[in-house]
Each structure stands twice: as C-alpha cells, then as structure tokens.
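Student: only geometry, no sequence info:
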C-alpha cells in the first residue's frame, strides 16, 4: 500500500505548517543562531511537540540540549545574552535562566537533556 502510514500512531510534524512556522519569534531565531554559532545543539521537546502533533499552538516551548550549564553560561555571556540571577539555590541545582530582548525567558535545567522553556504568547 503506497502512501499509507504503516503505523498510524506515528505522525511527523509538518515543518511547513503555519503553526510550526509561527513558533519562530525573533527571540527563538536569535537563540537558534547563538546555538549554531557555538556548536550547541537544541531541539524542540516536551509539550510543544505534543501540541504541534495535535495541530494546537503551543503556549510555551521546551528546548533540549546536551550542553553543560557552565558552557551555556560562557556562551550566553559571550553573546551578551542576559543571565538571570535567582540566587544560590537555583545555581546550586544547575538551573540557568536567560532573558532575550526582555521578552522571552529561557531556563536550562540540569537533567540528562537540559531544558529551555521559552514562555511566550503566540
């Protein structure tokens, strides 16, 4: 059977879909460019993937990376992206938050894949 998905439970995100394209705010584009310049791989993850697969506009985006928190701090400092300070407790857990264009906050959490949550109204 040509053209039939053998596993209907597997769905591919259409990267030409206006919902997907709408995610790329100037702040997310800047983060993507910073990542590319610094060999830092980032991927959309979490609930945003679920929402995209369901055809729903995500209200926040999780981005996963394997870049170490100390390396991220170095990258963001060199790129003149503001790192938010939440005190020693957050720092002790390895949580790093940055603010882009005073609109979007990203928090990187110390897990196997580091998560960046972009809170933004789309």
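Tutor: Done, it's in. Since we're looking at a predicted model, the values are computed, not measured. Numbering: from 1, shown residues only.
Student: show me where the chain has helices.
Tutor: 18-21, 26-37, 47-54, 69-78, 88-92 (DSSP state H).
Student: among those helices, where is the model least confident on average?
Tutor: Of all these, the minimum mean pLDDT falls on helix 88-92 (a mean of 56).
Student: contact partners of stretch 43-58?
Tutor: 11, 13, 17, 19-20, 22-23, 60-65, 113, 115, 122 (CB atoms under 8 Å, 6 or more residues apart in numbering). C-betas here are computed from N, CA, C, even on glycine.
Student: Any idea how far apart the tips of that stretch sit?
Tutor: 15 Å (CA to CA, to the nearest Å).
Student: closest one to residue 101 among the helices of the chain?
Tutor: helix 26-37 (5.4 Å; CB to CB).
Student: Pull out the buried positions in that closest one.
Tutor: 27-28, 31, 34-35 (16 or more other CB atoms under 10 Å).
Student: now the helices of the chain as TSV including distance to residue 101?
Tutor: Output for these, formatted as TSV (distance: least, CB to CB, whole Å):
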stretch	distance to residue 101
helix 18-21	19
helix 26-37	5
helix 47-54	20
helix 69-78	13
helix 88-92	22
